[in-house]
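>>> Provide a 3D model corresponding to the input given below.
(chains A, B, C and D)
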There are 2 protein chains.
Amino acid sequence: MASSRRIGAPDAKNRTVLLDAAERIMLEKGYAAVTSRKVAERAGLKPQLVHYYFRTMDDLFLEMFRRRADEGLKVQAEVVNAPNPLRALWEFGMDPAGVAVTMEFIALARHRDALRSEIARYSELFREGQREAARQVLSRSGYDLSKIPPVVVSVLLTSISRVVVMEEALGLSAGHKETVELVEWCLARLEESR
Amino acid sequence: MASSRRIGAPDAKNRTVLLDAAERIMLEKGYAAVTSRKVAERAGLKPQLVHYYFRTMDDLFLEMFRRRADEGLKVQAEVVNAPNPLRALWEFGMDPAGVAVTMEFIALARHRDALRSEIARYSELFREGQREAARQVLSRSGYDLSKIPPVVVSVLLTSISRVVVMEEALGLSAGHKETVELVEWCLARLEESR
DNA sequence: GTCTATAATCAGATAGAC
DNA sequence: GTCTATCTGATTATAGAC
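Numbers count the residues shown, from 1 in each chain, chains lettered A, B, ... in the order given. As a prediction, the model looks like this:
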């Protein structure tokens, strides 16, 4: 049942302050540490204000995710205009903070349905942008798109960067150097005309 | 400060019951839902018993992880004896429950140091086992090991299976079919003598 | 439109009883 | 060796004041 309690304006300054605080906590301490008290404390506000601007903690997480994903889509749209789009996408995907926050949202989403479907929706947009970039690069370089479906390039770049960065964060690095070298060798070949 | 409170015997029946309950909750609802109350409820025991058998919740998580990882290492050691070891490893890595629990532990570990280093230690063992399997397969098939370092095969199989399974759980499947086909085509080539 | 006082519940942990 | 009574504090959320 939807509560009738009033909610703060979407463009209020404190709302943004709270989202910023929540995001920093999520990155530093994980999603489970994002409680109304800790968010408020970090924002320098009273805990009850979290519930004034966000009806529930789930709403807060949803807004955090949307804000970040919209920003990420903008960055990706610029990144694919680089001289070597695949290489630029790869480096974009190797950003430790980006990977960490994404992993937090995915872990959180496994059991929060609203967040889960929102992540799926946005992920599809990210993948579509990457697929299109790969399609252009591959066809420009003269590859047979029926043999190397561009979308596979997107899945591989996403998979490898995420797991390598995640493992580094855990203190595991076996095989990373060799794998990164192989990926970069492949990217160089894909982005060079034949 | 180490507490002097006594702790239950490692082989007590209820200790196992609690670990089982905790593992099911982690799989179904995520690590944040693994609280002493919920674990006890699922186990049909009193909440205080969790703290009798495990000094802290962190200890409980550590024991859950060790039990599972030891079991996983045993399974992997058998799997690499299959006729097509890489293919068998790939299928082992595509197990949704295995991936889900692993992801939960990794997310949890990012900010719990004891768990983090334990995961790193075990991950190294898993990777080493896979590396050795890949080394044997590749050299048997006549590949040049200096061109395709076997450890890369391990990193790639781990990365791709984890992310594909994770995305499926979110309801995202764009590019998966094509990627799985490519992986299986590669595996077939690697495991066939040339 | 913005914020506070307060309810109701849940969590981790320990000392001490059987 | 096994389990319980209980403390202390944190957490989400709402109704209502400014």
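>>> next up, the contacts around A:Lys29.
The contact partners of A:Lys29, by Cβ atoms under 8 Å, 6 or more residues apart in numbering or on different chains, come to B:His111. Yep, even glycine has a C-beta here, placed from its N, CA and C like the rest.
>>> distance of it from A:Ala21?
Distance, A:Lys29 to A:Ala21, by Cβ to Cβ, to the nearest Å: 12 Å.
>>> and the helices in chain A?
Using DSSP state H, the helices of chain A run over A:13-29, A:36-43, A:48-53, A:57-79, A:85-93, A:96-109, A:113-140, A:150-170, A:176-190.
>>> if you skip the residues just before and after it, what's nearest to A:Ala169?
Distance criterion Cβ to Cβ, 6 or more residues apart in numbering or on different chains; nearest residue to A:Ala169, sequence neighbours excluded, is B:Arg110 at 6.3 Å.
>>> ok, now which ones touch the most centrally placed residue in chain A?
With distances taken as Cα atoms, centre = their mean, A:Thr102 lies nearest the centre of chain A, 4.4 Å away. By Cβ under 8 Å, 6+ apart, A:Thr102 lies in contact with A:Arg162.
>>> do the same with A:Leu86
Going by Cβ under 8 Å, 6+ apart, A:Leu86 touches A:133-134, A:137, A:153, A:157, A:187, A:190-191.
>>> show me what from chain A comes close to DNA strand C.
Applying Cβ under 7 Å from any atom of the strand, we find that chain A lies next to DNA strand C at A:6, A:8-9, A:12, A:14, A:45-49, A:51-52.
>>> buried subset of those?
Among these, those classed as buried by 16 or more other Cβ atoms under 10 Å in any protein chain shown are A:14, A:45, A:49, A:51-52.
>>> and DNA strand D, which of those residues contact it?
Applying Cβ under 7 Å from any atom of the strand to those, those adjacent to DNA strand D are A:51-52.
>>> between the buried ones among the residues of chain A next to DNA strand C, which sits nearest B:Glu178?
The closest of those to B:Glu178 turns out to be A:His51 (Cβ to Cβ; 45.0 Å).
>>> tell me the pLDDT of the closest one.
Note on A:His51: pLDDT of 96.
>>> show me where pLDDT drops low in chain A?
Filtered on pLDDT under 70, chain A yields the residue ranges A:1-4.
>>> how close does A:Thr179 get to B:Val155?
A:Thr179 sits 4 Å away from B:Val155, going by Cβ to Cβ.
>>> er, A:Gln136 actually
Distance, A:Gln136 to B:Val155, using Cβ to Cβ: 28 Å.
>>> for A:Met166, same thing?
Look at A:Met166 and B:Val155: by Cβ to Cβ, they are 12 Å apart.
>>> of those two, which one has the most company?
Using other Cβ atoms under 10 Å in any protein chain shown as the criterion, A:Met166 and B:Val155 rank with B:Val155 on top: 25 against 22.
>>> OK, contacts around that one?
Applying Cβ under 8 Å, 6+ apart, we find B:Val155 in contact with A:160, A:163-164, A:175-176, A:178-179, B:127.
>>> can you flag the buried ones in these?
Buried members of these, scored by 16+ other Cβ under 10 Å, are A:160, A:163-164, A:175-176, A:179, B:127.
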